[in-house]
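*Asks:* predicted model and sequence below, questions to follow.
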Amino acid sequence: MVEYEDEFGRMRTARKSEVPRNLPSKTEEISDEYDPYIIRGDQGFFPVYEPSAERVKDIEEAFVADSNPTKHYDASQEVRAAAAGFYQFSADEETRRKQMEDLKRVREETEAERARLVAEEPSSGGDARESMGSTKTSIIIGRGIDKRKRDIEERRKAVEAKRRKTGSGFNIQASLESSADDFLAKLEEDIMKPKS
């Protein structure tokens, strides 16, 4: 509990937290020591940190060092999985340049091989893969799909031949259809019979 003088000059007693902030407190003792981190009196603004000239110079130098154009992306600084096509270049400029040249050469070889494979592939009458500008991968996948379709067709024919051979001409579907026809014929007879 503290005593304070309100705006009308009356002495009041209240908790310290209930005293209006705009009223000066007489209970505080102001020390003669100057402390730059203590704010006394009315403040019409929020104090702003102003760094020294040395600190500003240090910050600018650090910024210039960080924004060095010769600095490249380093994947080892990140914690995440890289995909199969990921390639980590060296931090050394000369080694990096050589790696990039090798990668460009390998890419050109790959494109030439793809073009050769497209030229060698027999046309299949306007296949969708050719119209899309096929690549080596899509050619290989397309060939795999075609082979799979042929294998399935061969298996289907073999199973059908086996059914015909083991069934001695007995066709399950025809058997079911004839029994259903017999049932329906009998049902029709029962319905059409005159009731006696």
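*Replies:* Nice, thanks for sending it over.
*Asks:* span of stretch 163-183 from start to end?
*Replies:* End-to-end distance of stretch 163-183 (CA to CA, to the nearest Å): 27 Å.
*Asks:* residue contacts, I59?
*Replies:* P51 (CB atoms under 8 Å, 6 or more residues apart in numbering). Yep, even glycine has a C-beta here, placed from its N, CA and C like the rest.
*Asks:* let me see the backbone angles for it.
*Replies:* phi -60, psi -40 (degrees, to the nearest 10).
*Asks:* how about the strands of the protein, start to end?
*Replies:* 2-5, 11-14 (DSSP state E).
*Asks:* so which of the ones you listed gets nearest Y49?
*Replies:* strand 2-5 (32.0 Å; CB to CB).
*Asks:* paired strands for the closest one, with orientation please.
*Replies:* Next to strand 2-5 in the sheet, as set by DSSP bridges, lie strand 11-14 (antiparallel).
*Asks:* in the strand it pairs with, which residues are buried?
*Replies:* Under the neighbour-count criterion of 16 or more other CB atoms under 10 Å, strand 11-14 has nothing buried.
*Asks:* now tell me what touches that strand from outside.
*Replies:* Under CB under 8 Å, 6+ apart, the answer for strand 11-14 is 1-6.
*Asks:* redo the strands of the chain as a markdown table? Include distance to T166 and mean pLDDT.
*Replies:* Formatted as a markdown table, the strands of the chain follow (distance: least, CB to CB, whole Å; pLDDT from 0 to 100):
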| stretch | distance to T166 | mean pLDDT |
| --- | --- | --- |
| strand 2-5 | 107 | 88 |
| strand 11-14 | 105 | 91 |
